[in-house]
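> Return atomic coordinates for the entry below.
(chains A and B)
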Amino acid sequence: MIEELKNQISIKLNNEIKNIYGVEVELKAETPKNKENGDVAIPAFPLCKALKKSPQESASLVSSILDGLNMFETISVLGGYVNATYSREVLSKSVLDSLDEPKKVDNPKTYAIDFSSPNIAKPFFVGHLRTTVIGYALSNILSYRGHKVVRINHLGDFGTQFGKLIYAFTNWGNIEEVRSNPIDTLVGLYVRFNQEAKNKPELDDEARRIFKELESGNEEYRTLWKEFKEYSLNEFNRVYKNLGVSFDVYSSEAEASRKSARVISMLREKGLLVKDDGAEIVRLKEPYPPAIVIRSDGATLYITRDLEEIFDRYDKYHFDYMLYCVGNEQKLYFTQLKEVLKLMNAPFEEGVKHVNNGLILKDGKKMATRDGSAVKLDDVLNESISLARAHIEEKNPSLENKDELAKKIGVSAIIFNDLKNYRENDYEFDIDAATRFEGQTGPYIQYTDVRIKSILNQCAYNKDNVDYKLFNTDSMYDMVKALDAFEDVIDKCISEYAPNYLAKYLLNLSTLFNSFYAKEKVLCENIIERDTKLYLLSKIKDVIEKGLNLLSMSIVDKM
RNA sequence: GACUGCGUAGCUCAGCUGGAUAGAGCAACGGCCUUCUAAGCCGUGGGUCGGGGGUUCGAAUCCCUUCGCAGUCGCCA
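A predicted model of the protein is given here:
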């Protein structure tokens, strides 16, 4: 609401100045850095040059125009700035009333979101955490705003890696071992292949040959592949259940490969494919390297399958936006993909976005175990859960369902620790810092929610008793303004495809409440005051829980 | 080498579409529980915003340059 008012003020102000002085300026109403300076600040400097007046004089002119708008309780000039405040009583009432109205967009769009998309026959690594939680949070946020969302998990179930795996299995593996401990056994085979291939590069050729046969429909290989895929899916679904993440669609590279003749003939018809060194490539404009679409042995590549897949998705969902939540490493790849789509005149090209994310680091390097292999997400989650369990034991040992609680707190802590960081940047992983119950953590927010609920559960309130004059105090008014900012934060998350703004917002709102809580008694003698505070608290609780839900974090009642 | 991104307090990160004294958490230090969950709150100390130049009334923010780190760069995904 305040955000909207600021826009209105800017427009009115600039129009008035144009009418009165005949000059075009772009004054912008801002939120002052220091809240002592009021609710709205307008730097008047742009006027100085246009009117050849001093900053103070310019600010005075602005303040007199502002005065005519009848929107503010106080207006003052400080240096080249005009500061203004609203009536706290009036604003608080309209903010709190408006919280109940759902804010859906008038023209909903369809967003297809490709996220998580792990490679099968491998464990679910921490590296996949970011795409998974960012993609899922974004899908929730978009859907909250009224957009149509298609959550897609595009399984990496094809490619030369399966040639390697099948080679390793047929030469060194046995099916009983795989069946008794699928993922570890398959990973072991894959690792062994890569080790042996270091000295025998001809193994890589062999793997490519096997993949080519698999793609061409070799029955024996296909049976193996199907079984391996089944094991992986079981594993992944367990992880998704723990994270509270779900999808609308599972798509598959293998499926895309099967249908890829279509997109290849589209490329051919448009004359985009060029023979080069035996392969067929699409040349791209400078400075991008060409995209290899067909290997010299005729097999498809990642981009071939992705191209087929995106046309298929467009046919199925008619998306306005196709978001790929994939790491920074593939930045060049996605610009290549978009360039090819441009050359193909794909009608949906503009809506294709690479929602890139950074790495999870340990001591400045990509997170790995001591022997250099990737860390399993399961191990991280389990450690987080046991740390949470230990905290509970220390702080509140008499609680019931401690194990279940520890799971909710531990997993949410890892999710929050990821989402609070800006999407595109790498971040340093520290499990102790993430699971701490103090500071900028998931548990801090959950704890705040629990504290609020423990008050609300003690006493019902009557909304008719609410006295909006009581929102005059700084702490009460600050919370109202924070509540007002929620929908703006959601919009920012959408415009930047970045859920960290919501995560930071929840921290801020929690701190405001905790600060208030330490100073003032809620369940006081005066019923008007008590019910007013309880009403505000119930709104804060609603917003915190709304936020936790959007981020796929758990809500707990006691902790 | 080329392209992209990053470099802000001891540590982890915000701020970057230019605006008032550069913010938060952790760590350090000092306070606050006969009162609604102290897992909290309040306060103190701590910064050449990597270096240099430029644009501007005004630069952490924009431009140039330089150093450091990371990622990527035709038959992997």
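> so who does residue A:131 touch?
With contacts defined as Cβ atoms under 8 Å, 6 or more residues apart in numbering, residue A:131 is in contact with A:115-117, A:325-327, A:357. Just so you know, the C-beta spots here come from the backbone N, C-alpha and C atoms, and that holds for glycine as well.
> Swap in 7 Å and give it another go.
A:115-116, A:325-327, A:357 (Cβ atoms under 7 Å, 6 or more residues apart in numbering).
> Can you give me the distance of the residue lying closest to residue A:212 once chain neighbours are set aside to RNA strand B?
Once flanking residues are discounted, residue A:212 sits nearest to residue A:299: 4.7 Å by Cβ to Cβ, 6 or more residues apart in numbering. Counting by Cβ to the nearest atom of the strand, to the nearest Å, the gap from residue A:299 to RNA strand B is 7 Å.
> got it, and residue A:334?
Distance of residue A:334 to RNA strand B, computed by Cβ to the nearest atom of the strand: 9 Å.
> That residue against residue A:323, yeah?
No: assessed by Cβ atoms under 7 Å, residue A:334 is found out of contact with residue A:323, at 10.9 Å.
> got the end-to-end distance for stretch A:277-296?
Terminal residues of stretch A:277-296 lie 8 Å apart, using Cα to Cα, to the nearest Å.
> What ranges does the stretch 1-150 of chain A have for its strands?
Along the stretch 1-150 of chain A, the stretches classed as strands by DSSP state E, counting those that start in this stretch are A:40-43, A:74-78, A:81-85, A:110-114, A:148-155.
> domain assignment for chain A?
Domain ranges of chain A: A:2-86, A:110-254+A:309-357, A:377-550, per automatic domain parsing.
> looking at the ones you listed, which is closest to residue A:279?
Residue A:279 lies closest to domain A:110-254+A:309-357 among these, at 12.6 Å (Cβ to Cβ).
> Do me a favour and get the end-to-end distance for the closest one?
Domain A:110-254+A:309-357 has an end-to-end distance of 22 Å (criterion: Cα to Cα).
> one step back: and the residue nearest to residue A:212, how far is that from residue A:477?
Relative to residue A:477, residue A:299 is positioned 65 Å away (Cβ to Cβ, to the nearest Å).
> Need the strands of the stretch 1-150 of chain A in JSON lines (columns: distance to residue A:191 and mean pLDDT).
Rendered in JSON lines, the data for those read as follows (distance: least, Cβ to Cβ, whole Å; pLDDT from 0 to 100):
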{"stretch": "strand A:40-43", "distance to residue A:191": "60", "mean pLDDT": "94"}
{"stretch": "strand A:74-78", "distance to residue A:191": "66", "mean pLDDT": "93"}
{"stretch": "strand A:81-85", "distance to residue A:191": "63", "mean pLDDT": "94"}
{"stretch": "strand A:110-114", "distance to residue A:191": "28", "mean pLDDT": "98"}
{"stretch": "strand A:148-155", "distance to residue A:191": "21", "mean pLDDT": "97"}
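> For those strands, give me a markdown table that also has mean neighbour count.
As requested, these are arranged in a markdown table below (neighbours: other Cβ atoms under 10 Å):
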| stretch | mean neighbour count |
| --- | --- |
| strand A:40-43 | 22 |
| strand A:74-78 | 15 |
| strand A:81-85 | 23 |
| strand A:110-114 | 24 |
| strand A:148-155 | 22 |
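> Go through these and name the closest to residue A:452.
Comparing the strands of the stretch 1-150 of chain A against residue A:452 with Cβ to Cβ, the closest turns out to be strand A:81-85 (27.7 Å).
> contacting residues around the residue in the stretch 151-300 of chain A positioned nearest to RNA strand B?
Ranking the residues of the stretch 151-300 of chain A by distance to RNA strand B (Cβ to the nearest atom of the strand) places residue A:159 first, at 2.5 Å. Residue A:159 sits next to A:211, A:253, A:302 when contact means Cβ under 7 Å, 6+ apart.
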